[in-house]
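Colleague: Sequence first, predicted coordinates after that:
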Amino acid sequence: MTAEEIFRGRLIMAPMSRGTDLPFRRLAVEHGAEVCVGEMAYAHKIVRDVASERALLRRHPSEKFFGVQLAGKDPRLMAEAAGIAEQSGADFVDVNLGCPIEDATKRGFGAALLGRAKRVGEIVSAMKAAVSIPVTAKLRLGWSSEKPTFLKIARAAEDAGIDAVTLHPRSRAQRYRRPADWACVQQLVESVSVPVIGNGDVLTWRDARQRAVSSGCAAVMVGRWALAKPWIFREYTEERDIEPDAEGRLAVVRRYVELCREHFRDDERGRRRTRRFVGFHQDFFRRFRRGAGAGAVNSDDPRNWGEPPADELEAWLCRADLAAVEALCDWLVDGGPCRPPAAAVGDEPRAVRTAAYG
């Protein structure tokens with residue numbers, strides 16, 4: 001299967017650490033996702049057979065197309081890890097050239113490679129020689145917006161045999177704070193002959209359709225907003241808005257809990273892990289607001305979305321404070337009472353994230 005056949009015209013689930021865990025990918029598939037990429041995995045840990053890292057290569061039979069994203073700087077290790085990913089059932093393997101987090105960049109991985117075109121070419125060449133599946137790369141504009149390097153990096157990857165390139169048009173320094181510059185996606189499309197996938201600030205199915213047309217990219221990738229509303233894939237396919245009511249939203253969270261129980265097992269240890277993952281994902285699920293439409297903002301602060309609805313259940317599902325999330329987990333994961341706590345004085349999304357990450 002070629003990269004063109006896998007990606008062309010599709011809305012792709014972006015790789016996100018903690019976000020694209022196997023249970024969530026299954027949820028996305030149930031809502032229409034056809035191409036999913038797993039969480040970033042460190043190549044050296046894959047080669048060393050670290051169990052927690054090897055777990056990131058697992059795919060579910062329901063996934064139509066599944067990609068493994070690898071981070072590393074050693075061509076030999078990246079090639080060996082790519083071979084292991086192929087043996088594990090991946091349909092394609094992706095080189096992470098954009099991760100901005102310090103744990104990756106201080107090792108010389110991810111966005112740290114945006115200034116090393118020769119090394120990128122060596123990595124891609126080694127991986128291409130090691131596998132028969134497509135090799136792709138996901139990159140940002142550069143380390144800083146003042147010195148964009150994406151065209152140089154993409155051309156080096158193309159010369160080495162890359163099968164497709166995904167561009168998240170922000171620099172490493174910008175993280176997610178500035179609007180994605182989709183004009184750069186169009187520039188990349190016009191500069192390379194391989195399929196280009198655009199990623200960044202895709203909040204609705206209309207965004208995905210319009211940006212594919214305006215940039216000429218082969219496909220569009222969606223990240224954070226797929227975490228908030230996994231049914232965006234069905235919206236994209238059917239070209240219509242889907243706005244579930246409170247019970248519909250609850251059904252999505254319940255289903256995720258069921259998938260986590262199946263994956264992590266329904267024992268004490270498994271329930272602890274399920275609570276952490278549900279807490280993480282609820283920090284995204286709660287951002288959806290009915291009626292927000294095309295004017296919605298992908299914000300960390302739910303107050304930017306207007307007042308939560310008067311319905312008690314839906315208001316609970318929109319809350320960002322830790323007490324509300326813990327009470328939801330008590331109910332859905334541990335079988336406790338359906339009892340939302342008193343409204344918090346202020347929202348505490350950071351506390352939710354701290355509890356989810358541990």
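Modeller: Sure thing, it's come through. Numbers count the residues shown, from 1 in each chain.
Colleague: So what touches the helix or strand containing Arg119?
Modeller: Using DSSP states H and E, Arg119 falls within helix 117-130. By Cβ atoms under 8 Å, 6 or more residues apart in numbering, the list of residues contacting helix 117-130 from outside reads 72-73, 75-76, 78-80, 82-83, 93, 95, 97, 113, 135, 137, 149, 152-153, 155-157, 159-162. In short, each C-beta sits where N, CA and C put it, glycine included.
Colleague: ditto for stretch 140-155
Modeller: The contact list for stretch 140-155, computed with Cβ under 8 Å, 6+ apart, reads 97-98, 100, 111-115, 117, 120, 137, 139, 162, 165, 167-174, 178, 181, 184, 187-188, 191-192.
Colleague: quick check, Thr136 in a helix?
Modeller: No. Under DSSP: H, G, I helix; E, B strand; the rest coil, Thr136 falls outside any helix and is assigned strand.
Colleague: So what sits opposite it in the bridge?
Modeller: On the basis of DSSP bridges, Thr136 is bridged to Asp94, Ala164.
Colleague: My guess is it contacts Asp91. True?
Modeller: No. Counting by Cβ atoms under 8 Å, Thr136 does not reach Asp91; the two are 10.6 Å apart.
Colleague: list residues touching both of the two?
Modeller: Common neighbours of Thr136 and Asp91, counting by Cβ under 8 Å, 6+ apart, are Gly67.
Colleague: which of these two has more neighbours?
Modeller: The residue with more neighbours, out of Thr136 and Asp91, is Thr136; 26 against 20, by other Cβ atoms under 10 Å.
Colleague: which among the contacts of stretch 140-155 end up buried?
Modeller: For the contacts of stretch 140-155, a neighbour count by 16 or more other Cβ atoms under 10 Å gives the buried set as 97-98, 100, 111-114, 117, 120, 137, 139, 162, 165, 167-174, 181, 184, 187-188, 192.
Colleague: what ranges do the strands span in the stretch 201-350 of the chain?
Modeller: For the stretch 201-350 of the chain, the strands defined by DSSP state E, counting those that start in this stretch occupy 219-222.
Colleague: Which secondary structure state is assigned to Ile6?
Modeller: Under three-state DSSP, Ile6 falls in the helix class.
Colleague: right, and it touches Phe65 too?
Modeller: Yes. Under the criterion of Cβ under 8 Å, Ile6 makes contact with Phe65 at 5.1 Å.
Colleague: Common neighbours of the two, please.
Modeller: Joint contacts of Ile6 and Phe65 (Cβ under 8 Å, 6+ apart) are Val35, Asp91, Phe92.
Colleague: ok, which stretches of the stretch 101-250 of the chain are helices?
Modeller: In the stretch 101-250 of the chain, the helices defined using DSSP state H, counting those that start in this stretch lie at 102-105, 117-130, 150-159, 182-189, 205-215, 224-228, 232-238, 246-264.
Colleague: Report the backbone C-alpha coordinates of the fourth one in PDB.
Modeller: These are the backbone C-alpha positions of helix 182-189, laid out as PDB (Å, rounded to 0.1, in the frame of the first residue of the first chain):
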ATOM      1  CA  TRP A 182      -1.300  27.200   6.300                       C
ATOM      2  CA  ALA A 183       0.400  29.300   3.500                       C
ATOM      3  CA  CYS A 184       3.500  27.300   4.400                       C
ATOM      4  CA  VAL A 185       1.700  24.100   3.700                       C
ATOM      5  CA  GLN A 186       0.900  25.400   0.200                       C
ATOM      6  CA  GLN A 187       4.500  26.400  -0.200                       C
ATOM      7  CA  LEU A 188       5.600  22.900   0.700                       C
ATOM      8  CA  VAL A 189       3.100  21.300  -1.600                       C
END
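Colleague: And that helix, what does it pack against?
Modeller: helix 150-159, strand 164-168, strand 196-199, helix 205-215 (3 or more Cβ pairs under 8 Å, 6 or more residues apart in numbering; DSSP states H and E).
Colleague: make it 6 Å
Modeller: Contacting helix 182-189 under the criterion 3 or more Cβ pairs under 6 Å, 6 or more residues apart in numbering; DSSP states H and E are the following elements: strand 196-199, helix 205-215.
Colleague: Stretch 60-73 - what's its average pLDDT?
Modeller: For stretch 60-73, mean pLDDT is 98.
Colleague: outside of stretch 223-242, which residues touch it?
Modeller: 11, 13-14, 16, 19, 27-28, 31-33, 203, 205, 208, 284, 287-288, 298 (Cβ atoms under 6 Å, 6 or more residues apart in numbering).
Colleague: again, but for stretch 3-20
Modeller: 28, 33-40, 65, 69, 134, 163-164, 195, 199, 208, 218-223, 226-227, 233, 236, 280.
Colleague: Going by neighbour count, list what's buried in that stretch.
Modeller: The neighbour-count check on stretch 3-20 (16+ other Cβ under 10 Å) flags 3, 6-7, 10-17, 19-20 as buried.
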